[in-house]
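In: Curious how this folds, go ahead:
(chains A, B and C)
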Amino acid sequence: MGAFDSLFQWAFLVPLFPLLGLVIVGFFGDRMKKAEFGGWVAVAFSGMAMVLGVLIAVGEALTPGRYTDVSYAWLTLPGTQSVFSNGFSLVMGTLVDPISALMLIVVNVVGFLVMLYSIEYMHHDKGLPRYYAELSLFLVAMNGLILSDNLLEFFLFWELVGVCSYFLIGFYYEKPSAASAAKEAFLVTRVGDVLFLLGIFIYFATYATSGGGAGWAASGFKFTTGSTPFLGSLVGSASSPTLTIAGLMMLAGAAGKSAQFPLDVWLPDAMEGPTTVSALIHAATMVAAGVYLLAVVSLFLGFTADDRLAIVAVGGFTTIWAASMAVVNTDIKRVVAYSTISQLGYMVLAVGAGFAMVGLYHLFTHAFFKALLFLAAGAVIHAVGTQDLLKMGGLGKSMRITSIAFLIGALSLSGFPGFAGFWSKDDVLASVYSQVGAHPLYWPFLLCALATVFLTAYYIFRAWFLAFSGDHPRDPTLPHGHDAPWAMRLPLLVLSVLAAVAGLFAFLPSFSSLLPGANVPPVYGSTDLVLTAVSAGLGLGGIGVAYVMWGNGRVFQLPSGSPLQGARTVLLRRYYMKDAYDWIGLHGVYRLARAADFVDQFVIDGSIRGIERAFSSLSNGMRRLQTGVVSDYAAYVVTGLVGVLLFFLFVAPWIFRTMGGG
Amino acid sequence: MSLEELAFLVLAGIAIGTALAALLVRELVHTILWISVFFVALSAIYFLLQADFLGILQLGVYAGAVTILLLFGVMVTRKRIFSREAATGIGPFPLALALVSVVILAGVASGLPTQPASVQTYAPAMLSQELFTTDGGWLVLLGLTMLSALAGAIYLVREGRE
Amino acid sequence: MTDFVVAQFVGLSAALLGIGLFGILTRRNFILLLIAIEIAINAAVLNFVYFAGFATGPGGVSGQAAAVVIVGLAATEVAVGLAIVLALNRQRGSINVAEATTLRQ
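Out: A predicted model of the protein is given here:
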């Protein structure tokens, strides 16, 4: 028994604090004298959740490898009443383990800072109580997700964060583009979610109905028993085609939530929401849930070798796919959004290579520097009222603190040696490199990831130079920027520090116990230093190219006759993926729906109407028989009598004769 | 052909003729007259079969009571007793239906034995013994039916019912 | 002991029943309708009486007993029918069944 055991028992309070905030802001926020009061209430509750979450994480770090499961089975069926021979139960519970402790830090620290930042950022918005209620609901769901101790509870909160994402993207619901972006995000992630649910069913059907996993359903499909995976030795032995399919379904769910290729179209459009929402949900936490899912599955359920290859392929390809689109974009938020997709690709890549902890390590550092980038971009947008990089310029003079914050984030993102992103990205590359012998197809995806290092450094410094370097804005009508007030400055400051040093946490022995087996600092072989040098060199090269083309207020113009113009158009049109989806929707799904509508209207409804009409005309005919004249009724009776006589005198004897009877 | 058989055929002819006449004449009072002859002819057939009790019953109930009742019905529903009934068109369908049933029944009758057979006679005492012992239940039921019919008839014709 | 032909009796019954049905189907006067019904019932009663006579066992007398019951029932029916005639006549001033097509006015 450790000193922190009683603390771990109270982990369920972490989601409950924001729930209280949600209830207060959601139901009474509109009646408060000033809208900010409600915001402060939500900030206070998320602060309490942060304190408790960080305390739990510290406790977990100090007692390595402890798993604390507190659960309540709210439905239990005996084996005779379910398909699972040992019975079946539905469980709500909290599981405090190293990786959920790590996620508690990420979610609650970033969540608290974003909420604090929003007080000023959303100051003028009349929907402030709604905003804080939805943000609190998101924190409830996200904390519930990372503390889930079984697959079904995990899925429940997974869907809940999805719906929060929908609410918050569509926060400015009067704007048609925001409303349609919210719908797009919801529908595209739903594709992944349906497959994810299917995968859960396959796991249940494979493991829980017989053999060593027979007790799994009775326990409520828990991830662990004690401190080992519930399915124990079955996890390692997973190799059947069925389990490969189940793993691919999990990958599909993760790809939907983490915007991996080909389900990546929704994340850039999700930038229609407030920038703070982009920072919290679409950079640091919710989109990381997909990676967290992959990590959880790889730890507790197991992937087959084919699954891992598919995950490596998706992650590796997504890195360069998204980074290439960021290269040409001129919307400051969208550049960062593409960057998020690309960086999530790194995490997926690491998980696929078999290093779930390395993926989570990158998730941890990425959450801070990407939230920083978004909040700094938000400060710029707040100050100058535009998101177009080409209109900005020279903002470094008037917004010095914001400029430095964005610079720190950019350095961290591009893997400048010493910054947080450097350590984790290097760890990802080294871990994948250590596995290239496993399959020849690992090589191309490693090369994709390496090329992305260069692209990443280029596009983020392009954005920084365009926004902050030079003497004055390129659009002279732009208002004079100024640094944000303290409620926005403080989160920038804290995140700047974390973006710079978060990577070094891994060198603390107790912190690294939150990432068991991550091999931090990365030492996988003698070639690691070369790899580090290559990736750092690529990053520095990217920064250099960006300086040459965009530094000091320069604007690089691609010659109009250049063959690269075509490539630029393709990239700006996002490889025509969205057009392709639209085409499929319009010509495939819509036509199918029209056909189904036709069948529904004319075949199904038509037959019903036909039957109705037949009965109606039949009854109209029958009604004419009911004259009310007694003689007519007598005629019917006599007709019946004649019929009966005919039957018994002629028809029945004839039947008997033909049947050969007496 | 025996005398009895001849008598039966004559009576049967009278019965059929009077029944047709009762339905076809245009004056209701004539109808009543013809139907009373019909009832008497049937009663004669019963006597011919030596079912004396039934013959007397037929005379009393039908030729007496029912005929008087029908006559009474005609009297109270007509302002003038000898008014002619309006001619009613006979539809082809009812006529065909009646004809078909007659043909079928005649077909059935023609299949029955044509050889004369002796007929059993029962003393009225036997009949009354049967009625009041073995079939007593039917008699009680008949009595109950008559009682309820009486009540129903009074209900139907009572004053002020609208 | 007298001898009769079964077919002739049944033929008479059949003819009377046909006449009765004809009357029921074609007449519109309620009293004529009652008379037609009486003809049809009498055709049935005749059958009971003949077959009581043609029966060979001691139970044949129950045919005559049934005839007695049916005659009683028929008389009852005439009484009720005439009550209906009176009610109809008072209500509608007519005993034509083709006019009395509704249960109440």
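In: The residue most central in space within chain B is in what secondary structure piece?
Out: Nearest residue to the geometric centre of chain B (CA atoms, centre = their mean): B:F39, 5.7 Å. Here B:F39, judged by DSSP states H and E, is contained in helix B:28-48.
In: Now do that helix: distance to the chain's middle.
Out: Chain-centre distance of helix B:28-48: 8 Å, with CA atoms, centre = their mean, to the nearest Å.
In: Just the CA atoms of that helix, as PDB, please.
Out: Extracted in PDB, the C-alpha atoms of helix B:28-48 (Å, rounded to 0.1, in the frame of the first residue of the first chain):
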ATOM      1  CA  LEU B  28    -104.400  -9.000 -48.800                       C
ATOM      2  CA  VAL B  29    -107.700 -10.200 -47.500                       C
ATOM      3  CA  HIS B  30    -107.800 -12.700 -50.400                       C
ATOM      4  CA  THR B  31    -104.300 -13.800 -49.300                       C
ATOM      5  CA  ILE B  32    -105.600 -14.500 -45.800                       C
ATOM      6  CA  LEU B  33    -108.400 -16.600 -47.300                       C
ATOM      7  CA  TRP B  34    -106.100 -18.600 -49.400                       C
ATOM      8  CA  ILE B  35    -103.600 -19.200 -46.600                       C
ATOM      9  CA  SER B  36    -106.300 -20.500 -44.300                       C
ATOM     10  CA  VAL B  37    -107.300 -23.000 -47.000                       C
ATOM     11  CA  PHE B  38    -103.500 -24.000 -47.200                       C
ATOM     12  CA  PHE B  39    -103.400 -24.600 -43.500                       C
ATOM     13  CA  VAL B  40    -106.600 -26.700 -43.700                       C
ATOM     14  CA  ALA B  41    -105.100 -28.800 -46.500                       C
ATOM     15  CA  LEU B  42    -102.000 -29.500 -44.400                       C
ATOM     16  CA  SER B  43    -104.100 -30.400 -41.500                       C
ATOM     17  CA  ALA B  44    -105.900 -32.900 -43.800                       C
ATOM     18  CA  ILE B  45    -102.500 -34.400 -44.800                       C
ATOM     19  CA  TYR B  46    -101.700 -34.900 -41.100                       C
ATOM     20  CA  PHE B  47    -105.000 -36.700 -40.600                       C
ATOM     21  CA  LEU B  48    -104.200 -38.800 -43.700                       C
END
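In: just the strands in chain B please.
Out: Here chain B has its strands, by DSSP state E, at B:116-119.
In: for it, what are the low-confidence residue spans?
Out: For chain B, the stretches flagged by pLDDT under 70 are B:1, B:79-91, B:160-162.
In: how about low-confidence regions in chain C?
Out: Using pLDDT under 70, the flagged stretches of chain C are C:1-2, C:105.
In: How about the residues of it by chain A?
Out: Neighbours of chain A within chain C, by CB under 8 Å from any CB of the partner chain: C:L21, C:I24, C:L25, C:T26, C:R27, C:R28, C:L33, C:V97, C:A98, C:A100, C:T101, C:T102. Any C-beta I mention is one placed from the backbone N, CA and C, and that applies to glycine too.
In: For chain A, which residues are neighbours of chain C?
Out: For chain A, the contact set with chain C under CB under 8 Å from any CB comprises A:T627, A:G628, A:V629, A:V630, A:S631, A:A634, A:A635, A:V638.
In: neighbours of the fifth one, just the number please.
Out: Read it as A:S631. A:S631: 19 surrounding residues under other CB atoms under 10 Å in any protein chain shown.
In: which residues touch it?
Out: B:P94, C:I24, C:L25, C:T26, C:R27, C:R28, C:L33, C:V97, C:A98 (CB atoms under 8 Å, 6 or more residues apart in numbering or on different chains).
In: can you list the residues you listed in JSON lines and add neighbour count and secondary structure?
Out: Formatted as JSON lines, these follow (neighbours: other CB atoms under 10 Å in any protein chain shown; DSSP: H, G, I helix; E, B strand; the rest coil):
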{"residue": "B:P94", "neighbour count": "22", "secondary structure": "helix"}
{"residue": "C:I24", "neighbour count": "25", "secondary structure": "helix"}
{"residue": "C:L25", "neighbour count": "24", "secondary structure": "helix"}
{"residue": "C:T26", "neighbour count": "23", "secondary structure": "helix"}
{"residue": "C:R27", "neighbour count": "24", "secondary structure": "coil"}
{"residue": "C:R28", "neighbour count": "18", "secondary structure": "coil"}
{"residue": "C:L33", "neighbour count": "23", "secondary structure": "helix"}
{"residue": "C:V97", "neighbour count": "21", "secondary structure": "coil"}
{"residue": "C:A98", "neighbour count": "15", "secondary structure": "coil"}
